[in-house]
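> Need a 3D model of the following:
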Amino acid sequence: MTREVFELWDRAAITLRSARTLQAQDPNNAVVMAYYAAFYGMSAFFLLAGQSFSRHQAVEAAVHRDLARTGRISMDLAAAYTQLHRLRGMGSYGVGIHVSPEEAADAIASANRILQCIQEMPIPPFPPLFSQSGPTGQ
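Just a heads-up that it's a prediction; the model follows:
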């Protein structure tokens, strides 16, 4: 595993912990962090597989094209990634529209499921950053 891949994977775990910390008092930023956790995890996965992307939409398209349509992840998980991307926009840029605490909790759960799925894929092998309950060190 390259240093860049490891750093992205580590950043995914740290960012997910940050999302959990923000969930109660700042749901808008919690969903932003949940999205970035999934984004960093997917970026690490694709980089290890020899693909890199410069746009968030390109990563989302690859999730659907290269993972969901090929059966490597479920369509539901790909849809969860898309929902995280949408909520990130609302959390970051929504004026007068805010993310609810329930949406933040769902976003965090989705990001956790996405990262666990990546970790469990046989190739590429990711280090065990996650226990059964989520990122280690919680």
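> switch to C-alpha atoms for all contacts and neighbour counts from now on
Fine.
> Pull out the buried residues from stretch 25-34.
Buried residues in stretch 25-34, counted by 16 or more other Cα atoms under 10 Å: 26-34.
> repeat for stretch 74-83
Within stretch 74-83, the residues scored as buried using 16+ other Cα under 10 Å are 75, 77-82.
> Return the distance of the top helix by length along the chain from the chain's centre.
Longest among the helix segments of the chain by residue count, using DSSP state H, is helix 27-48. In this view, helix 27-48 has its centroid 3 Å away from the chain centroid, taken as Cα atoms, centre = their mean, to the nearest Å.
> residue contacts, the spatially most central residue of the chain?
In the chain, the centroid-proximal residue (Cα atoms, centre = their mean) is residue 38; its distance is 0.8 Å. Residue 38 is in contact with 12, 81, 111-112, 114-115, counting by Cα atoms under 8 Å, 6 or more residues apart in numbering.
> Include pLDDT when you put the residues you listed into a markdown table, please.
Shown next, in a markdown table, are these (pLDDT from 0 to 100):
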| residue | pLDDT |
| --- | --- |
| 12 | 97 |
| 81 | 97 |
| 111 | 98 |
| 112 | 97 |
| 114 | 97 |
| 115 | 96 |
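> which among these gets closest to residue 6?
residue 12 (9.8 Å; Cα to Cα).
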